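Asker: I would like to see how this sequence folds:
(3 chains)
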Amino acid sequence: MKKYYVLTIGLLLIFALVSCGPAETPQPEEPEEQTPQEEPLGPITLATTTSTENSGLLDDILPHFEEKYSTRVNVVAVGTGQAMEMGKNGDADVLLVHAEATEIEFVNDGYGVDRHRVMYNDFIIVGPEDDPAGLKETAGADAAKALSIISENKVPFASRGDDSGTHKKELELWQAAGIEPEGDWYKSVGQGMGATLNFANEQEAYTMTDRATYLSMSDELDLVILVEGDELMFNQYGVIKVNPEKHTGINKEGADRFVEWIISDEVQQKISDFGKDEYGQSLFVPNAE
Amino acid sequence: MRVQVLDIIKEYNGARVLGIEKLSFREGRFHVLMGPNGSGKSTLLGILAGLLQANRGRVLYSDRQRDFQAVRRDITLVMQRSYLFNTSVYNNIASGLKYRGMDKSILRERVLKWADALDLNRFLYRNVRTLSGGEKQRVALARALALKPELLLLDESTANLDPESIIIIEKVLKDYQKESKSTIIFVTHNVFQAKRLADRAYLLMEGRVIEEGESIEFFGNPNSELTRGFLGGEIVY
Amino acid sequence: MENILQGFQGALSLIFSGDREVYSIIGLSLRVSFISVLISMAFSVPAGIIIGMREFPLRKTVVMVINTLMGLPPVIAGLFVYLFLSRSGPLGYLGILHTPKAMIIAQVLLISPIITGITMASVKDRGTLVKNTAYTLGAGRVQILWTLIREFRTSIGSSLIAGYGRAISEVGAVMLVGGNIKGFTRVMTTAIVLETNMGNFDQAIAIGIVLLSLFFIINIILQRIQGA
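Answerer: Next comes the predicted model:
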């Protein structure tokens, strides 16, 4: 009997050792397209936000970069604040975040070499199909107006409440409407976008969400899009090269190639194409200059 | 191996448990150490075996104060309820030999010989925890004798054992002593047993040697009153 | 009820999905935990034996510290390791933050007090008896150590199982120092957090069941080998 147990543990161990992802340096794979093989770079650490990773965009476009340069991009998805801190500490080589003011400050303070616009996505306000607050008729594409109506009627509204980029955007909107949201109807969920949408779905509440997450979950949700298109709800992404002078070990070469790649026409097109097949619309609008 | 104890003093928490000026154990003889509880017998054995350090004094092995580490492997101690390793009888008997890195085939011979001498063939490959007290002590003794120690120390090793085991053990010890000429120091409470086994006997009380002598004189015509009383069973322990 | 049944179905389909990413997550969980236990026991077991048996100044303090560290909140160990391995920290030049190596380091820090503490407690009573027996049979220092490990193998085994259990269920520290990078430092626990945050509760439950099952199976097997 004992022998079988030891055998099983042995098998599990072998499985564990063999099934791991790529080792520190990846093997060059056969490129799908005729992209010219470049000099291999070392691994690149990209710090970005959870919502960016969750959208699936990076899973879609990064392999193209990884193949071209025979490298791997280690995506560390954390909150915007932590991503910026990682940049300051030199624990990332390049940042991809959506907090314009903070990004500019970051570069001005010398932590970043430069900043480039990459793309924007938008937020939307969703709610129950029957739309008890009547947003579709009365607010149209005016986000601030929509929020005032919600607040006046004390209709349930779910907020991220987690100090994320999305949450900060939501607070900006409330500010634009000149309202401090408080009361039983305003529910601070304190979790990620997916969990917040599920919550709003259960409670038949309104919420503000990024389009990508909503679309990826729309099958399971009864919520519908009620307000969209307001410029205030545009969410600009920027890519920043972390300053290699401040710390040793920053992959400067890798960061340079990455930024060059992501603002290139070819990749900008890929960004635009992402999601079209599945959702019939772009999730991100490329706007690198 | 001849053992000499010189000016040994051992104290625990300020209380003196052992104070011996001079004590000599000639080689090749069966020495029996007796005395009431707390008289220092076990302490003396512990010092001789290297488990305890005396506060003062020296022990000479073979007339020289050698580095204890040099003689350590010629000395073996068997305790009252010996700890046996959680494995088979065979492996226990072999343990000391394995520590010494003995060649496997010679080791096997040795183990089988001593297992046989102590009538342990029946359970040679059984785990020791299934054995009775007497059987366990026989294993402990086989384990010790397999090492062919020049100095064999036994601390009440047959106390509370069944008569059959005692008989076997005593016979084996006597035979061993005759064959190997090794020095045996045997501690016991049992006066009858002492008479049976001793070439020379010693009485300890409160850490001091009260009397010592050749067996015939010690048991037949002791010098001290205390000895007489002890042998007569008067002293309660 | 429905959710749980679905969860089991989900778990099964994950295991047989042939999806490389899923296997990578499971494999990494196992690998990091196993290696952490192996590394830790190399010094924790001898340390536990020595501390449990020998007298030395400050011994009581050391024992107290180890017993306290056994309950150290894992995420604190994670934060600590993170600060050390960050490029702005003292060991930043090693460049091992956000790699499985960092995760192993954090786990080793976490489980060593457990292994040491349990070993310590188990040798306390009879350790000296075993040591003396071996000594009088002629054993040298190293031989005595091996003898002690053999004689106390059951309790020491328990300490290893406890350590492994702690390692494979840990999430805070490995999240911090590993970064939950897809295909590289993502393990079952951190994957569950990710899926939950994204609202994919079904997926999270499925991974959770895989984790639980593996945990129980391995635990039971290890105990059988130990002969408890």
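Asker: close enough to count as contact, residue B:126 and residue B:89?
Answerer: Yes: using C-beta atoms under 8 Å, residue B:126 is in contact with residue B:89, at 6.2 Å. Quick note: C-beta positions are derived from backbone N, CA and C, even for glycine.
Asker: Neighbour count: the two, which is higher?
Answerer: More crowded of residue B:126 and residue B:89, by other C-beta atoms under 10 Å in any protein chain shown: residue B:89, with 28 against 14.
Asker: Now do the same contact list for the more buried one.
Answerer: Residue B:89 sits next to B:115, B:120, B:123, B:124, B:125, B:126, B:128, B:131, B:139 when contact means C-beta atoms under 8 Å, 6 or more residues apart in numbering or on different chains.
Asker: redo that, cut-off 6 Å
Answerer: B:120, B:123, B:124, B:128, B:139 (C-beta atoms under 6 Å, 6 or more residues apart in numbering or on different chains).
Asker: Can you tell me how far it is from chain C?
Answerer: Separation of residue B:89 from chain C (C-beta to the nearest C-beta, to the nearest Å): 15 Å.
Asker: for chain C, what are the nearby residues on chain A?
Answerer: A:5, A:8-9, A:15-16, A:19-21, A:54, A:74-76, A:89-91, A:192, A:194-195, A:197-198, A:247-249 (C-beta under 6 Å from any C-beta of the partner chain).
Asker: From those residues, which land in helices?
Answerer: A:5, A:8, A:9, A:15, A:16, A:54, A:89, A:194, A:195, A:197, A:198 (DSSP state H).
Asker: Let me know the distance separating the fourth one from residue C:29.
Answerer: When C-beta to C-beta, to the nearest Å is the yardstick, residue A:15 and residue C:29 sit 11 Å from each other.
Asker: next one: phi and psi at residue A:123?
Answerer: Main-chain dihedrals, residue A:123, degrees, to the nearest 10: phi -100, psi 160.
Asker: what sits opposite it in the beta ladder?
Answerer: residue A:210 (DSSP bridges).
Asker: Looks to me like residue A:158 is in a helix.
Answerer: No: using DSSP: H, G, I helix; E, B strand; the rest coil, the assignment for residue A:158 is strand, not a helix.
Asker: can you give me the helices in the stretch 101-250 of chain A?
Answerer: Using DSSP state H, counting those that start in this stretch, the helices found in the stretch 101-250 of chain A span residues A:135-138, A:143-153, A:165-177, A:193-203, A:211-217.
Asker: Can I get those helices in JSON lines including mean pLDDT, distance to residue B:153 and mean neighbour count?
Answerer: Below are the helices of the stretch 101-250 of chain A laid out as JSON lines (pLDDT from 0 to 100; distance: least, C-beta to C-beta, whole Å; neighbours: other C-beta atoms under 10 Å in any protein chain shown):
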{"stretch": "helix A:135-138", "mean pLDDT": "85", "distance to residue B:153": "96", "mean neighbour count": "14"}
{"stretch": "helix A:143-153", "mean pLDDT": "90", "distance to residue B:153": "92", "mean neighbour count": "20"}
{"stretch": "helix A:165-177", "mean pLDDT": "88", "distance to residue B:153": "79", "mean neighbour count": "19"}
{"stretch": "helix A:193-203", "mean pLDDT": "89", "distance to residue B:153": "73", "mean neighbour count": "21"}
{"stretch": "helix A:211-217", "mean pLDDT": "85", "distance to residue B:153": "80", "mean neighbour count": "22"}
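Asker: Compare residue A:15 and residue C:29 (neighbour count), which wins?
Answerer: Set side by side, residue A:15 and residue C:29 show more neighbours around residue C:29, with 28 against 15, by other C-beta under 10 Å.
Asker: Identify the residues contacting residue C:171.
Answerer: residue C:189.
Asker: how close does it get to residue B:57?
Answerer: 62 Å.
Asker: what bridges to the most centrally placed residue in chain B?
Answerer: Geometric centre of chain B, nearest residue: residue B:154, 1.7 Å, by C-alpha atoms, centre = their mean. Beta-bridge pairing for residue B:154 (DSSP bridges): residue B:78, residue B:186.
Asker: how many neighbours does residue 228 have?
Answerer: Went with chain A since none was named. By other C-beta under 10 Å, the residues close to residue A:228 number 15.
Asker: you looked at the wrong chain, it should be chain B
Answerer: 13.
Asker: right, and it touches residue B:222 too?
Answerer: Yes: taking C-beta atoms under 6 Å as the definition, residue B:228 is a contact partner of residue B:222 at 5.3 Å.
Asker: hey, where'd the helices end up in chain C?
Answerer: In chain C, the helices defined using DSSP H lie at C:2-15, C:20-53, C:59-69, C:74-85, C:100-123, C:127-136, C:141-151, C:153-169, C:172-178, C:188-197, C:201-226.
Asker: most tightly surrounded among those helices?
Answerer: helix C:172-178 (a mean of 26; mean count of other C-beta atoms under 10 Å in any protein chain shown).
Asker: contacts for it?
Answerer: Against helix C:172-178 from outside (C-beta under 6 Å, 6+ apart): C:74, C:75, C:77, C:78, C:81, C:82, C:102, C:103, C:106, C:185, C:187, C:190.
Asker: cool, and stretch A:188-197?
Answerer: For stretch A:188-197, using C-beta under 6 Å, 6+ apart, the contacting residues are A:51, A:158-162, A:199, A:209, A:213, A:217, C:197-199.
Asker: Equivalent analysis for stretch B:155-171, please.
Answerer: Against stretch B:155-171 from outside (C-beta under 6 Å, 6+ apart): B:42, B:45, B:78, B:79, B:80, B:119, B:134, B:137, B:138, B:141, B:187, B:188.
Asker: which of the residues of chain A next to chain C are buried?
Answerer: A:5, A:9, A:16, A:19-21, A:54, A:74-76, A:89-91, A:192, A:194-195, A:197-198, A:247, A:249 (16 or more other C-beta atoms under 10 Å in any protein chain shown).
Asker: Just want the most central residue of the chain.
Answerer: All of this is about chain A. residue A:52 (1.1 Å).
Asker: oops, chain C please
Answerer: So for chain C, C-alpha atoms, centre = their mean, it's residue C:167, sitting 3.1 Å from the centre.
Asker: Distance of it relative to chain A?
Answerer: 13 Å.
Asker: same check, this time on residue C:170
Answerer: Separation of residue C:170 from chain A (C-beta to the nearest C-beta) stands at 16 Å.
Asker: need the contact list for the closest residue in space to that residue that isn't next to it in sequence.
Answerer: Spatially, and ignoring its direct neighbours in sequence, residue C:170 is nearest to residue C:74 (5.0 Å; C-beta to C-beta, 6 or more residues apart in numbering or on different chains). For residue C:74, the contacting residues are C:110, C:170, C:172, C:173, by C-beta under 6 Å, 6+ apart.
Asker: swap in residue B:60?
Answerer: Taking C-beta under 6 Å, 6+ apart as the test, what residue B:60 contacts is residue B:4.
Asker: ok, now residue B:62?
Answerer: Neighbouring residues of residue B:62 by C-beta under 6 Å, 6+ apart: B:1, B:2.
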